[in-house]
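# Just to be clear, the model below is a prediction. Sequence and coordinates:
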Amino acid sequence: MAGSAHSVNEHSLIPAAAGIGLRFPHHELVVQGRPDVAWFEVHAENYLGGGAVRRVLTSVRCDYPLSLHGVGLSLGSAEGLDGQHLRRIADLVRSIEPALVSEHLSWSVVGGRYLADLLPLPMTEEALDVVCRHVEQTQAALQRRILVENPSTYLQFRHSTIPEWEFITAVAQRTGCGILCDVNNLFVSASNHGWDAEGYLKALPAAAVGEIHLAGHALRTLDNGRTVRIDDHGSSVAAEVWALYVQALRRFGAKPTLIEWDTDIPAFEVLLDEAAQAATLMRAVAANHACAA
Amino acid sequence: MPALLELQQALREQLFGDAAGGDHSAAGVALLAGDDGALRLAIYRNTALSTLVNALRLSFPAVRRLVGADFFEAGARDFIRRNPPRSAYLNDYGAGFPGFLAGHAPAAALAYLGEVAQLEWAVNRALHAGDVGRLDLARLAALDESALSHVSFTVHPALSLLRLEFPVDAIWRAVLDQNDAAMAAIDLAAGPVHLLIERNAAGVQVRRLSAAAWDFTARLSAGTPLSAVLADQPDGEVDAWLAEHLALGRFIDFSSTTVTATTGAAGETRS
C-alpha cells in the first residue's frame, strides 16, 4: 500500500496491548507530544463532521493504530437502523480505515428520536432477530466485521427469556461479528442483577472476543436503600474489575484492552498508569500460561 | 408479552414524555422486573438528559453565561423534552434552540437572547461542517462571458449569513471574554448588523459586512445567478466582493445554464 496517507501496513491491526480512549481534553497533548501508547479508540459520533476535530483524528490515525467505537447506531431499534447515520459512519470508516469498529448491544432510537443513552433490550427471540438483522446490515454497509459490546444495565424486563451471555453469543454465531467484552460492564450488570460474573465470562466463545474494555464505575443508593452500580467511566478501574480482568485474560488470552474514562477526565498520566496496569496483568497472565503449558 | 417496538415506545414516554418522572403505573414501568423499576428507569433518564443538556451547553456557551447555569439547565430540559434529537450525531442537535429561546417566556427580559443563540448555532455549524473540496477556479476562468454571467454558486457548508436586530457579534464576544466594560459600551439601539460566519485555517470567523455586501453575498449563496445579482447591484464594489469570496473559498461549486450551439437547448454544466 505504498503512498497510502495512513501508513496502512504499520497501523492496520490493533495489537494485543493496552490502549486508551482518546477524548477532547487530550487531543493537543497526543497530536503534539505523540505519547507512547499502543493504540487509541475514539467515539465515532464525535468525528462525523469536518474542521479541526477531524484533522486531529487524521493525525492520530497516522501515528497510532485506531479503533472506532460507535455509540449511536442503535442496533436494537425495532423500527430499523437510521440509514443516514449508518451512511455517515460508513463514510468515516472509509475515510480513516480504522483497525477495529465496534458498537453496543443496546438501543437508543424509537420514533425517529435519539434518546441519548445505551438503553437495555429485553432478552427475547424477537430482540435477538432484530439485533442480528442490524449487525448484518451494518457489516454489509461497512464491508467489514464489527465487534458488539455487552452493555452495563440497571434494570431487566419481566418477559426476558435468554441470559445475556447466551444472547450475545448467539449474535456472534449468527452474524459472524466479534464480541467486545467490557469487563466493567459485565461486573456492573452481574452485581446489579445477581448474575455469576465468572460464569458469564466462561459462557462467552473465546475465539469471538476481539477486544476488552475497562473503566471505573460508581455506587449509588436508590431511594429504597438498595445499591446500584453505575457505569459512569469517572474513576479508576475497581479492584474487583481488575480481578475479573485477570479471569478474562486466562479465558480469552491476551486481547487489545482499552482504558475508558469519560466523566471528570483526569490528567493523561492517570490514563497511562491504568494502561500500564492492564499491560502488566496481560504479561503476568501470559507468563503463567507459558509456565503451565 | 409486548412487541419490541411497543416496549421502546413505552420507555420513550417514560424517559422523555408526559409520564417522565411521574406516572409509575404506566406501561413502561409495568414491563420491568422487580419492584423498583421506576427508580432504575430514573438512572437512564438522568443520563440521557444530562448528555443532551451538555450537548446544548457546548454549543451555546454565551447563552448560558447570559442566563446563568440554573436557568439554562431548566430551559434546556424543557427544550429537550419537546424536541428530542433526530440523530445520534449530537453536533447537529440544537438548530431549534434559538427559536425556542426567542419564544421562551421566562427569557423575554433579554430581548437579544434568541439572536445570540442564532449566532452561536451558526458558529457551531461553522465548527463542525464537513470538509469539502475547493471550487476549481481554472474551470470558472475558462467560461466565456455569457456562461460566466449565468453562473450560480454553491456556498460552503460552514458559511452562514445572519441579519440581526441587535449588535450580537459584540455582545457574544463581550460575554465569552467576560468583559463587562465592553458589554457596557454596547449600544443596543445601534441598528441591525449583517454578519458572515465561516471557518478558515485559523478557526471560526465572525465578520460584519455592509448591508450591500451582505445582500449580494446572501443572494449568491441562495443560488441566484450572477447576472441577476449584478443587474440589481449598481455598486462598483461587487468585483472586489466576488474576488474575495472566491479567494477565500466561500463557494465550493458552480453551475452555469448556457445555450449550447449543437442542440440549441439549455444545458447545465457542473464543475
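Right, received. Where do you want to start?
# Taking chain A, what residue is nearest to chain B?
At 2.3 Å from chain B, residue A:72 is the closest residue in chain A, using C-beta to the nearest C-beta. C-beta here means a position set from N, CA and C on the backbone, and glycine is covered the same way.
# Check which helix or strand that residue maps to.
Residue A:72 is located outside every helix and strand, with elements delineated by DSSP states H and E.
# quick one: pLDDT of it?
pLDDT recorded at residue A:72 is 97.
# Hmm, it is touching residue A:88, no?
No. Checked against C-beta atoms under 8 Å, the pair residue A:72 and residue A:88 is beyond contact range at 9.4 Å.
# Which one's more surrounded, those two?
A direct count of neighbours by other C-beta atoms under 10 Å in any protein chain shown for residue A:72 and residue A:88 places residue A:72 higher, at 25 against 21.
# Provide the backbone phi and psi angles at the more buried one.
For residue A:72, the backbone dihedrals (degrees, to the nearest 10) come out as phi -130, psi 10.
# what secondary structure does the nearest residue to it once chain neighbours are set aside sit in?
Leaving aside its chain neighbours, residue A:72 sits nearest to residue B:88 (2.3 Å; criterion: C-beta to C-beta, 6 or more residues apart in numbering or on different chains). Under DSSP: H, G, I helix; E, B strand; the rest coil, the three-state class of residue B:88 is coil.
# Contact partners for residue B:88?
Taking C-beta atoms under 8 Å, 6 or more residues apart in numbering or on different chains, we find residue B:88 in contact with A:45, A:71, A:72, A:73, A:74, A:82, A:85, A:108, A:109, A:114.
# same question, residue A:289
A:250, A:253.
# pLDDT wise, what is it at?
Looking at residue A:289, its pLDDT reads 76.
# With residue B:26 instead?
In this model, residue B:26 is scored at 71, pLDDT.
# neighbours around it, how many?
Residues near residue B:26, counting by other C-beta under 10 Å, number 18.
# cool, residue B:166 as well?
Residue B:166, neighbours per other C-beta under 10 Å, totals 22.
# Over to the one 4 residues further on?
By the measure other C-beta under 10 Å, the count of residues near residue B:170 is 18.
# before we move on, what about residue A:63?
As a burial measure, residue A:63 scores 16 neighbours (other C-beta under 10 Å).
# on that earlier part again, overlap of the contact sets of residue A:72 and residue A:88?
residue B:89.
# Over to the residue nearest to residue A:72: give its phi and psi.
Torsion angles, degrees, to the nearest 10, at residue B:88: phi -80, psi 0.
# Residue A:147 contacts residue A:176, doesn't it?
No. Using C-beta under 8 Å as the test, residue A:147 is too far from residue A:176 to be in contact (11.3 Å).
# Between those two, which is the more surrounded one?
residue A:147 (22 against 13).
# who's in contact with residue B:106?
Contact analysis of residue B:106 by C-beta under 8 Å, 6+ apart lists B:71, B:75.
# residues bridging contact with residue A:147 and residue A:176, i.e. touching both?
Counting by C-beta under 8 Å, 6+ apart, residue A:147 and residue A:176 have no contacts in common.
# Where does the stretch 51-200 of chain B get nearest to chain A, which residue?
Using C-beta to the nearest C-beta, the closest approach of the stretch 51-200 of chain B to chain A is made by residue B:88 at 2.3 Å.
# quick one: that residue from residue A:258, how far?
To residue A:258, residue B:88 is 20 Å away according to C-beta to C-beta, to the nearest Å.
# same question, residue B:245
Taking C-beta to C-beta, one finds residue B:245 at 45 Å from residue A:258.
# isn't residue B:203 right next to residue B:123, touching?
No. The pair residue B:203 / residue B:123 is not scored as a contact, 9.9 Å apart, by C-beta under 8 Å.
# Report how many residues lie close to residue B:18.
Using other C-beta under 10 Å, residue B:18 is surrounded by 11 other residues.
# And for residue A:103?
Applying other C-beta under 10 Å, we find 25 residues neighbouring residue A:103.
# Mind listing the strands the host helix or strand of it pairs with, and their directions?
Assigned by DSSP H and E, residue A:103 falls within strand A:100-104. Using DSSP bridges, strand A:100-104 pairs in its sheet with strand A:66-69 (parallel), strand A:147-149 (parallel).
# Show me how far it is from its chain's centre.
How far strand A:100-104 lies from its chain's middle: 6 Å, per C-alpha atoms, centre = their mean, to the nearest Å.
# and the following helix or strand past it, anywhere near chain B?
As assigned by DSSP H and E, the chain's next helix or strand after strand A:100-104 is strand A:107-110. Yes. Under the criterion of C-beta under 8 Å from any C-beta of the partner chain, chain B is reached by strand A:107-110 at A:107, A:108, A:109, A:110.
# Most widely separated two among those?
Greatest spacing in the residues of strand A:107-110 next to chain B, by C-beta to C-beta: A:108 and A:110 (8.4 Å).
# intersection of neighbour lists for these two?
Joint contacts of residue A:108 and residue A:110 (C-beta under 8 Å, 6+ apart) are residue A:77.
# can you give me the strands in the stretch 151-271 of chain B?
B:151-155, B:160-164, B:193-200, B:203-209, B:251-259, B:266-270 (DSSP state E, counting those that start in this stretch).
# I'd like to know which elements the fourth one is packed against.
The one in question is strand B:203-209. If you count contacts as 3 or more C-beta pairs under 8 Å, 6 or more residues apart in numbering or on different chains; DSSP states H and E, strand B:203-209 packs onto helix B:113-128, helix B:168-176, strand B:193-200.
# For residue B:18, see how far away residue A:21 is.
From residue A:21 to residue B:18 the distance is 37 Å (C-beta to C-beta).
# and the stretch 1-150 of chain A, which residues reach chain B?
A:45, A:48-54, A:71-74, A:76-79, A:82, A:84-85, A:88, A:107-117, A:119, A:121-122, A:124, A:126-127, A:130.
# So how do I select the buried members of those residues in PyMOL?
Buried subset of these, written as a PyMOL selection, criterion 16 or more other C-beta atoms under 10 Å in any protein chain shown:
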select buried, chain A and resi 45+48+49+50+51+53+54+71+72+73+74+76+77+78+79+82+85+88+107+108+109+110+114+115+116+117+119+121+122+124+126+127+130
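# Using neighbour counts, pick out the buried residues of the helix or strand containing residue B:7.
Following DSSP H and E, the helix or strand that holds residue B:7 is helix B:4-16. Neighbour-count burial for helix B:4-16 flags B:4, B:7, B:8, B:9, B:10, B:11, B:12, B:13, B:14, B:15, B:16 (criterion: 16+ other C-beta under 10 Å).
# Which elements pack onto that helix?
If you count contacts as 3+ C-beta pairs under 8 Å, 6+ apart, helix B:4-16 packs onto strand A:107-110, strand A:113-119, helix A:125-142, helix B:27-30, helix B:37-59.
# Can you give me the buried ones in the fourth one?
Okay, so that is helix B:27-30. For helix B:27-30, the neighbour count (16+ other C-beta under 10 Å) marks B:27, B:28, B:29 as buried.
# tell me the secondary structure for the residue nearest to residue A:157 when sequence neighbours are not counted?
Leaving aside its sequence neighbours, residue A:157 sits nearest to residue A:122 (C-beta to C-beta, 6+ apart; 4.0 Å). Look at residue A:122: counting by three-state DSSP, its state is coil.
# Surely residue A:122 and residue A:162 touch.
No. Between residue A:122 and residue A:162 there is no contact under C-beta under 8 Å: 9.2 Å.
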